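> Output the structure for:
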Amino acid sequence: MTSSNTLHSRFAKDQNGTFAIYFAFLLLPFCILLGLSVDGGRAILTHNDMSKALDSATLAATRLLMIGNPTDAEVALLATDYFDKNLANSRQMHRHGALIIVIDRVTKTVSIRVDGWLPTTFAGVYGMEKVAISVESQATYSVNDIELGLVLDTTGSMNQNSNGGGPKIAELKIAAAKMFDILLPDNGAPGDTRIGIAPFSTAVNAGAFAGDLTNHKNTDNCVVERTGAEAWTDADPTQLGQYMVPGSNALKDIDPTDGQYAYACPVDAVLPLTNDKVALKAKVNGFIAKNGTAGHLGTQWGWYLISPNWNSVWTGASAPKPYGTKNLVKSIVVMTDGAYNTAYKNGKTSSQQAITLCNNAKAQGIIVYTIGFATQPSEEVTLNACASIDPDTGKPSFYHAENGDDLTSAFSDIAAKLGQLRVSR
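Just a heads-up that it's a prediction; the model follows:
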């Protein structure tokens, strides 16, 4: 018995030793796989961070190419700045070389490549000191069909100088011309781009359309709010009971904001949708700034200019296409330099009516951009409420411009967004 037990004990010890040897052999590759897995996961996260940062840089570079005439060095500087800033929050300690940028001004495309590497942690023990990472991005700008209602403030305060600039009305003319040049390039836009203009102050001048819009009750071609069930919609204005209220010196301002303003009919009339850049520039260049700010009337008419429900008024080349038309962007851009302070009908302030109109227009798929030109924060509440939410930032599509350069940048940036600026690779 003693001999048998001793033999069994020795066998067990030998077997345990064998298991220990097997375990030692298995532990090494397991550790290697674990190290590669950890560093491989870090490499994937780094690649994702670099890709997002490079896409942002490529889009910014392409937008700069569209809104100005930058040198290659200026494009490269902006792209590098965007890439570095967006990559700054990456949690991975990586390295990368300089951006390799290719600019094609004919096809309006920017392509960027960057090569980087990630120092390993566990895998470094086994001789793999770094993981190579390369990412590429390409952005293309191409204009699809656009219908734009451009709402422009021609009130008396636009004669004042901007902060650090000249008369705001003069700076508006420069900024608007830049937008027209981007959306309607001299060599022709690839899509059907049409722009209508709705100048406003204490009323809107409907020009030759005033008679049909007021059942021929107009006396000065100007109109104010629509009333009744369709007060804040874009219903056909020629249907029975849907006419616009004609302007009249008998109208009284019911908006207490900034005091009371007397009714006046502005000189500048609306311009229906057109792709005639010369006509658009001539319209804006002829602006005369006078009177108070009925911002809701301007907003209303920005919507009317692009509404297919108004095709009884806008005919031929000015007729808007139906809502939901494929590859068509319908947008309103509202620019003002102060608080909305004049209203006549419907028992609401100009600001309240403007927000209602904006919300109803956005419900139809219209994108609303707003610009405050040397405005105060209290005056920008309405503009923020009116603006569509930018899907990239999650914030209102509102721009604050202090001077003419800021205003030109705002109009130019909106023009670039209205076109199709996208990552294509």
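
> mind listing the strands for the stretch 51-200 of the chain?
Assigned by DSSP state E, counting those that start in this stretch, the strands in the stretch 51-200 of the chain fall at 95-96, 100-104, 109-119, 130-142, 145-153, 193-200.

> right, and those - which one's nearest Tyr82?
Closest to Tyr82 of those is strand 109-119 (C-beta to C-beta; 10.2 Å). All C-beta atoms are positioned from the backbone trio N, CA, C, and that covers glycine.

> Please name every helix or strand in contact with the closest one.
Other helices and strands packing on strand 109-119, by 3 or more C-beta pairs under 8 Å, 6 or more residues apart in numbering; DSSP states H and E, are helix 2-67, helix 72-87, strand 95-96, strand 100-104, strand 130-142.

> if we go to 6 Å?
Judged by 3 or more C-beta pairs under 6 Å, 6 or more residues apart in numbering; DSSP states H and E, strand 109-119 is in contact with helix 2-67, strand 95-96, strand 100-104, strand 130-142.

> Out of these, name the one with the poorest average pLDDT.
Here the lowest mean pLDDT among those goes to helix 2-67, at a mean of 64.

> Would you format the strands of the stretch 51-200 of the chain as JSON lines with distance to Cys222 and mean neighbour count included?
JSON lines is the format used below for these (distance: least, C-beta to C-beta, whole Å; neighbours: other C-beta atoms under 10 Å):
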{"stretch": "strand 95-96", "distance to Cys222": "61", "mean neighbour count": "16"}
{"stretch": "strand 100-104", "distance to Cys222": "49", "mean neighbour count": "14"}
{"stretch": "strand 109-119", "distance to Cys222": "47", "mean neighbour count": "20"}
{"stretch": "strand 130-142", "distance to Cys222": "39", "mean neighbour count": "18"}
{"stretch": "strand 145-153", "distance to Cys222": "16", "mean neighbour count": "25"}
{"stretch": "strand 193-200", "distance to Cys222": "10", "mean neighbour count": "26"}
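
> okay, those strands in TSV with distance to Cys358 next?
As requested, the strands of the stretch 51-200 of the chain are arranged in TSV below (distance: least, C-beta to C-beta, whole Å):
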stretch	distance to Cys358
strand 95-96	44
strand 100-104	38
strand 109-119	34
strand 130-142	27
strand 145-153	11
strand 193-200	14
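
> where are the low-confidence patches of the stretch 51-200 of the chain?
Scanning the stretch 51-200 of the chain for pLDDT under 70 picks out 67-68, 90-94, 121-129, 141-143, 187-190.

> ok, Thr293 touching Thr154?
No. Using C-beta atoms under 6 Å, Thr293 is not in contact with Thr154; the gap is 9.8 Å.

> Which of these two has more residues huddled nearby?
The residue with more neighbours, out of Thr293 and Thr154, is Thr293; 29 against 23, by other C-beta atoms under 10 Å.

> before we move on, back to that, name the stretch from the strands of the stretch 51-200 of the chain that approaches Ala361 most closely.
Nearest of these (C-beta to C-beta): strand 145-153, 9.0 Å.

> Determine the set of other helices and strands touching that closest one.
Using 3+ C-beta pairs under 6 Å, 6+ apart: strand 145-153 touches strand 193-200, helix 295-305, strand 328-336.

> what's the angle from the second one to strand 193-200?
To tie it back to what came earlier, the one meant is helix 295-305. Calculated by axes from the mean of the first three to the mean of the last three C-alpha atoms, to 10 degrees, helix 295-305 forms an angle of 150 degrees with strand 193-200.

> residues of stretch 176-196 that come out buried?
176-180, 182-184, 189, 191, 193-196 (16 or more other C-beta atoms under 10 Å).

> who touches it?
142-150, 271-275, 277, 280-281, 284, 305, 408, 411-412, 415 (C-beta atoms under 6 Å, 6 or more residues apart in numbering).

> try 7 Å this time
Residues outside stretch 176-196 that contact it (C-beta atoms under 7 Å, 6 or more residues apart in numbering): 66-67, 142-150, 271-275, 277, 280-281, 284, 305-306, 408, 411-412, 415-416, 418.
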